[in-house]
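Trainee: How does the following fold in three dimensions:
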Amino acid sequence: MAKAEFILQGFTTRTHRAAVRELFDVPDLERIVLSVSYIKESGVQEIENQLKAHAAITTILAGVRNEITSHQGVARLQRIPRIKLYAVDTGSRQVVFHPKFYLVRGRTHARLLVGSANLTLGGLNNNIEAGLMLDLDVADPTDKALIDNIESQIAALPRDYPSHVLKVTDVRELDEMLRTGRLVDETAVTPPRPTTSAVQSSGTSDTVPRIKLKVLPLRSALKKVRAKPKRPQPLKAAKAGARAPKAVPAAVGVEFELVWESKPLTRRDLTIPEAPGTHATGSVNLDAGLLSDTVDHRHYFRDEVFANLVWTARSLTVDEAFAKFQLVLKGISYGEFKLPIRHTTGTTSKAYKQHNAMTRLSWGPMREFVARPDFIGRTLALYRDKVDPKRFILEID
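Mentor: Here you go, the predicted structure:
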């Protein structure tokens, strides 16, 4: 008879990440079936070792054409030798392949996890998710009937829906899905599309703090982006200095790429003095943040992220450039601002040798919007326009 465990990730310390890994502890494994709507590379990484160890008996169904499942995530699965991978394409964005379950069957026992968790960092750890873990006895007729029913229904799908349940055997098939929009590129991010306007010059009517869950968030390291070919394009005039700008949603259909994300913001980052009379820096350091250890942040921003800007010498050791940044705070746009970026060019200083930040972004007129205590502990994301590399979005969420 099945033994059941209810998992309420986030509101409790139990995570689907731990539960999915425990599935593979079943002895004498004979069959593994995973079905998920959404897949990201960071989610695959969390159980990649377990999948590699049992690839020959593993079948995975992955939803596509849903604007979330990524080329990087599915390609990482496809690269595991002998794994049986299917992309489920309904042919319509209005019909989403949405079943989420993880079944591992051994010779005498099986485990089934059914719930809301996808193969993403959010689903496995960061989001509030619910799931039901069942320990099943293969010798029990009721348990065995459940296992057999799941396996038989999944096995029938490629036969019953040959145009929609597609076996993936070559990464070029995934390349084509990316080209036609059925998979997304994790480096390309849909810009924030705010639907409300800023209602105050110093804040918003949204005073809800970020929820503090009982599970610490996991973050995947960001990979280095490359400098874009220089293609100067006209920019809209900035609204610098406006005290109560209206919302300026990013253009629909324009893709941005996430080029940097900070660690939890501090008072120093947000220019909130610790005590009266304390000098506010007025800038935020563009440091390592969540970048991969392989990225040298001391040169990354000047040579890659902001390479298309016009840099001039501000002093013997500092270069300066200006760019347009749209500011989005908790989903609300505060308009577009022209801000200076300053980069220290020297490579012999103590700060450089200690791997301190060499590039700083001055908040300028944005300061009155970001100097808020409720942003402490949140993260700052920097996005770059994939078409016009002189346009950026700064988002605190």
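Trainee: count of neighbours near Gly63?
Mentor: By other C-beta atoms under 10 Å, the residues close to Gly63 number 24. All C-beta spots, glycine's among them, are computed from the backbone N, C-alpha and C.
Trainee: Provide a list of residues in contact with it.
Mentor: Val36, Ser37, Tyr38, Ile39, Thr69, Val88, Val96, Phe97, His98 (C-beta atoms under 8 Å, 6 or more residues apart in numbering).
Trainee: Count the residues that sit near the fourth one.
Mentor: Okay, so that is Ile39. Neighbours of Ile39 using other C-beta under 10 Å come to 30.
Trainee: Setting aside sequence neighbours, what's the nearest residue to it?
Mentor: Gly73 (3.9 Å; C-beta to C-beta, 6 or more residues apart in numbering).
Trainee: Enumerate every residue touching the one you found.
Mentor: So Gly73 contacts Ile39, Lys40, Glu41, Ser42, Gly43, Val44, Ala62, Leu119, Thr120, Glu186 (C-beta under 8 Å, 6+ apart).
Trainee: you'd agree the fourth one is up against Ser220?
Mentor: The reference is to Ser42. Yes: the pair Ser42 / Ser220 is scored as a contact, 3.7 Å apart, by C-beta atoms under 8 Å.
Trainee: For those two, indicate the residue with more neighbours.
Mentor: Taking other C-beta under 10 Å, Ser42 and Ser220 do not tie; Ser42 has more neighbours (23 against 17).
Trainee: Would you mind checking the average pLDDT for stretch 50-59?
Mentor: Mean per-residue pLDDT for stretch 50-59: 98.
Trainee: By pLDDT, give me the weakest of the contacts of Gly73.
Mentor: Ranking these by pLDDT, Glu186 lands last with 89.
Trainee: follow-up on the earlier one: tell me which of the contacts of Gly73 fall in strands.
Mentor: Here DSSP state E is the test, and these give Ala62 as lying in strands.
Trainee: ok, the contacts of Gly73 vs Leu382, which is closest?
Mentor: Glu186 (15.9 Å; C-beta to C-beta).
Trainee: What is the burial count for the closest one?
Mentor: Considering only other C-beta under 10 Å, Glu186 is surrounded by 18 other residues.
Trainee: How about Glu173?
Mentor: With other C-beta under 10 Å as criterion, Glu173 counts 16.
Trainee: what do you get for Ser349?
Mentor: Using other C-beta under 10 Å: Ser349 sits among 13 other residues.
Trainee: Roughly how far does it sit from Ala288?
Mentor: Using C-beta to C-beta, to the nearest Å, we find Ser349 at a distance of 17 Å from Ala288.
Trainee: need the helices for the stretch 251-397 of the chain, in chain order.
Mentor: Counting by DSSP state H, counting those that start in this stretch, the stretch 251-397 of the chain has helices at residues 297-300, 350-353, 367-370.
Trainee: Make a markdown table from those helices and add mean pLDDT and distance to Val114 to it.
Mentor: Putting the helices of the stretch 251-397 of the chain into a markdown table (pLDDT from 0 to 100; distance: least, C-beta to C-beta, whole Å) gives the following:
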| stretch | mean pLDDT | distance to Val114 |
| --- | --- | --- |
| helix 297-300 | 97 | 42 |
| helix 350-353 | 96 | 53 |
| helix 367-370 | 92 | 42 |
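Trainee: In TSV: those, plus distance to Leu213 and mean neighbour count.
Mentor: Converted to TSV, the helices of the stretch 251-397 of the chain look like this (distance: least, C-beta to C-beta, whole Å; neighbours: other C-beta atoms under 10 Å):
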stretch	distance to Leu213	mean neighbour count
helix 297-300	29	18
helix 350-353	36	11
helix 367-370	24	18
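Trainee: Adding distance to Asp148, write the ones you listed out as TSV.
Mentor: Conversion of these to TSV gives the following (distance: least, C-beta to C-beta, whole Å):
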stretch	distance to Asp148
helix 297-300	54
helix 350-353	64
helix 367-370	57
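Trainee: can you tell which of the ones you listed is closest to Gln326?
Mentor: That would be helix 367-370 among the helices of the stretch 251-397 of the chain, by C-beta to C-beta, at 11.9 Å.
Trainee: Mind giving me the packing neighbours of the closest one?
Mentor: When contacts are defined as 3 or more C-beta pairs under 8 Å, 6 or more residues apart in numbering; DSSP states H and E, helix 367-370 packs onto strand 318-329.
Trainee: Tell me the strands beside the strand it packs on, with direction?
Mentor: strand 312-313 (antiparallel), strand 332-344 (antiparallel), strand 391-396 (parallel) (DSSP bridges).
Trainee: Any buried residues in that strand, and which?
Mentor: Asp319, Glu320, Ala321, Phe322, Ala323, Lys324, Phe325, Gln326, Leu327, Val328, Leu329 (16 or more other C-beta atoms under 10 Å).
Trainee: Now do the shared contacts for Ser42 and Ser220.
Mentor: Leu121.
Trainee: Which pLDDT value does the model give the residue nearest to Ile39?
Mentor: 97.
Trainee: one step back: for the contacts of Gly63, pick the one with the most neighbours.
Mentor: Ile39 (30 neighbours).
Trainee: how about that one, what does it touch?
Mentor: Ala62, Gly63, Thr69, Ser70, Gly73, Val74, Leu77, Asn118, Leu119, Thr120.
Trainee: Show me what it is bridged to.
Mentor: Leu119.
Trainee: can you tell me how far it sits from Phe301?
Mentor: From Ile39 to Phe301 the distance is 31 Å (C-beta to C-beta).
Trainee: can you check Leu213 too?
Mentor: 32 Å.
Trainee: Distance-wise, check the residue in the chain sticking out farthest from the centre relative to Phe11.
Mentor: Here the centre of the chain is the reference, and by C-alpha atoms, centre = their mean the most remote residue is Pro141, at 42.7 Å. Pro141 sits 36 Å away from Phe11, going by C-beta to C-beta.
Trainee: related to what we said a few turns ago, minimum distance to Arg159: which of the helices of the stretch 251-397 of the chain has it?
Mentor: Nearest of the helices of the stretch 251-397 of the chain (C-beta to C-beta): helix 297-300, 49.7 Å.
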